[in-house]
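Undergrad: structure for the following, please:
(chains A and B)
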Amino acid sequence: MMRLAAIIGVWFAITSAQAADIAIALTNDHVEVDTGFSGARLTLFGAVSGVEAPHAGAGVDIISVIRGPATQFQIRRLQKTGPIWMPGAMHAIKGAPALYLTNANRQITDIAPLPDQAAYHLGADFLKIHTVRGAGETPEEMQDGAHNEVFAKAFVTEARDAGLYRDRIGGVEFKKGALFTITVELPANTPVGEYSVAVYLYQGGMLLGRDEAELVVNKVGIERRIFDLAHDQPVTYGILCVVISLFAGWIAALAFRKS
Amino acid sequence: MLIYLPIAEIPVDPFVVIFMGAVVGFLSGMFGVGGGFLMTPLLIFYGIPPAVAVGTEASQIVASSVSGVLAHLKRKTVDFAMGGFLVAGGGGGVVVGIFIFRYFRAMGQIETFISLAYIIFLGLIGVLMMVESLRALLRSPERPLPRRKHRSVEWMAVMPFAMRFRRSQIYISPIPPIILGFMVGVLSAIMGVGGGFIMVPAMLYILKMPTNVVIGTSLFQIIFVTAIATILHAAANQTVDIVLSLLLLTGGVIGAQIGVRAGRRLKGEQLRALLALIVLGVCARLLFGLVTPPASPFIVVGAP
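TA: All right, here's what the predicted structure looks like:
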């Protein structure tokens, strides 16, 4: 029912406009990620207008960008210290969102021209990330002219490996008429916070329209409650851990008592 | 199926974790050891952040010591006076250990520090155990055991406040037990171990306590010290993952039951040689992890 209402809402918003445009609606601007599962699925509903039969291959392309809240990341390089590898100086990462997911119906490089890709950050590689050099740098690091770039690049690679940054082809589905959905897979380690969602409508390499929406991601489930308790009331949590451990140990002792 | 660990903040397969608990439980049942010194490295190999592995192990040792403590209380094989001094020293040791832990965590070197601490301790203990058990195995059965002379420890006789420990039937100063408890407490906080593998030999050979009260008193000390370590790790570092701990316990109790039965089929020297091999293997694996060039030279921290 909510889906239908959202779609109809978008439909009316769109049909009133004449020029080609795009609009999205979220069925719920509060997404609750159940941490018990390995991830969650977020569905964006939207409609395009001013384009004939978008679903029938009219050369229409859609890109969605989901940007998580800004987070303080730090990056370090492992360095050989004597015989062992130890993490070196800590460098702060600035301008990096906690999560950055793009979805498109085909390769973004084929959809949008390079200036647009850079301007709208269509892909994690276009994020404006820089590093603030930390104390305790090695002489090599200090002489490294491309230092900032090296670390910023390495950060994006690591974030991709962690599943926090991802550029995916697919998830965009053209429905009947002017309607479409974008299905975004959220990783299990999706951070909580305020997100922004943006969609871009392209045709023949030309940007026809864009729309934005806000989104709040919450985590629910027992795991989230444990996390909150452990960070908000650490002493209580610690005592609780001991009590639970004693009780569980006692139960185990009872279960395996020699009969 | 995957479960998201709330404190370690990674998804894990619960059956793999239970199986890991069972393997270490099996070994600890078979060899009669606590298993913390095997569990923590195993968790690190699995990908649990080392700091979380240590904090979580403290709570798991609390749980897995309950049955032993109850059994020894029933048999009246716990020296409470001795245990009390050991706990007093141990509590102080844990506080110091947590400060050291926090210091290395703030420097961002806690992973390296924990690995190095394990390499040193496992290496020392593994080599000692191996030498000792090989000697016992290679000794020809005709020749009798060279009787060890019962030397009284002189430095302990001059310590002040000597008192009688009735259950242990010894008359010593409480200062050595406090120092011993303190040192084991530091190790416990830093490495996520109970410390029985140091405590038991020290009680036998340094404090000269009789064999029948050593295990019970050591377990009594371990359950209190690891409980303190659990609370302090949770309070100071937020590194106790109770979900991980309970999964490990589930596997651990089952594995221990099987391990005890398996252990009865092997001779003492064979058991010790086998345990020494495992300890040295874990030590070598940790060392290998530190000296091999990493797959990716970068690490990102401060996740959401």
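
Undergrad: please name every helix or strand in contact with whichever strand or helix holds B:Val279.
TA: Per DSSP states H and E: B:Val279 is located in helix B:268-291. Packing partners of helix B:268-291 (3 or more Cβ pairs under 8 Å, 6 or more residues apart in numbering or on different chains; DSSP states H and E): strand A:84-94, helix B:14-31, helix B:36-46, helix B:110-138. All C-beta atoms are positioned from the backbone trio N, CA, C, and that covers glycine.

Undergrad: next SSE after that helix?
TA: Immediately after helix B:268-291, counting by DSSP H and E, sits strand B:298-301.

Undergrad: that next one: partners in the sheet, and parallel or antiparallel?
TA: Applying DSSP bridges to the sheet, strand B:298-301 is found paired with strand A:73-81 (antiparallel).

Undergrad: hmm, A:Met86 and B:Val291 touching each other?
TA: No - the pair B:Val291 / A:Met86 is not scored as a contact, 11.2 Å apart, by Cβ atoms under 8 Å.

Undergrad: tell me which of the two has more neighbours.
TA: Neighbour count, other Cβ atoms under 10 Å in any protein chain shown: between B:Val291 and A:Met86, A:Met86 has more, with 17 against 12.

Undergrad: how about the more buried one: which residues does it bridge to?
TA: Bridge pairing for A:Met86 - DSSP bridges - gives A:Gln79.

Undergrad: so it touches A:Leu78, yeah?
TA: Yes - the pair formed by A:Met86 and A:Leu78 meets the contact definition of Cβ under 8 Å, at 6.8 Å.

Undergrad: you'd agree A:Ile66 is in a strand?
TA: Yes - the assignment for A:Ile66 is a strand, going by DSSP: H, G, I helix; E, B strand; the rest coil.

Undergrad: tell me the spacing between it and A:Ala19.
TA: Going from A:Ile66 to A:Ala19 by Cβ to Cβ, to the nearest Å gives 26 Å.

Undergrad: A:Glu214 now?
TA: In terms of Cβ to Cβ, A:Glu214 sits 24 Å off from A:Ala19.

Undergrad: do the same with B:Ile198
TA: As for B:Ile198, its distance to A:Ala19 is 78 Å (criterion: Cβ to Cβ).

Undergrad: which of the two has more neighbours?
TA: Comparing B:Ile198 with A:Ala19 by other Cβ under 10 Å, the one with more neighbours is B:Ile198, at 19 against 8.

Undergrad: work out for me the element the nearest residue to that one once chain neighbours are set aside sits within.
TA: Using Cβ to Cβ, 6 or more residues apart in numbering or on different chains and skipping the chain neighbours, the partner closest in space to B:Ile198 is B:Val184 (5.7 Å). Under DSSP H and E, the secondary-structure element containing B:Val184 is helix B:175-191.

Undergrad: output the contacting helices and strands for that helix.
TA: Applying 3+ Cβ pairs under 8 Å, 6+ apart, one finds that helix B:175-191 contacts helix B:36-46, helix B:50-74, helix B:80-107, helix B:110-138, helix B:196-205, helix B:211-237.

Undergrad: thinking again about what came up before, out of the helices and strands packed on helix B:268-291, the one nearest B:Leu249 is which?
TA: B:Leu249 sits nearest to helix B:14-31 of all the helices and strands packed on helix B:268-291, at 6.6 Å, using Cβ to Cβ.
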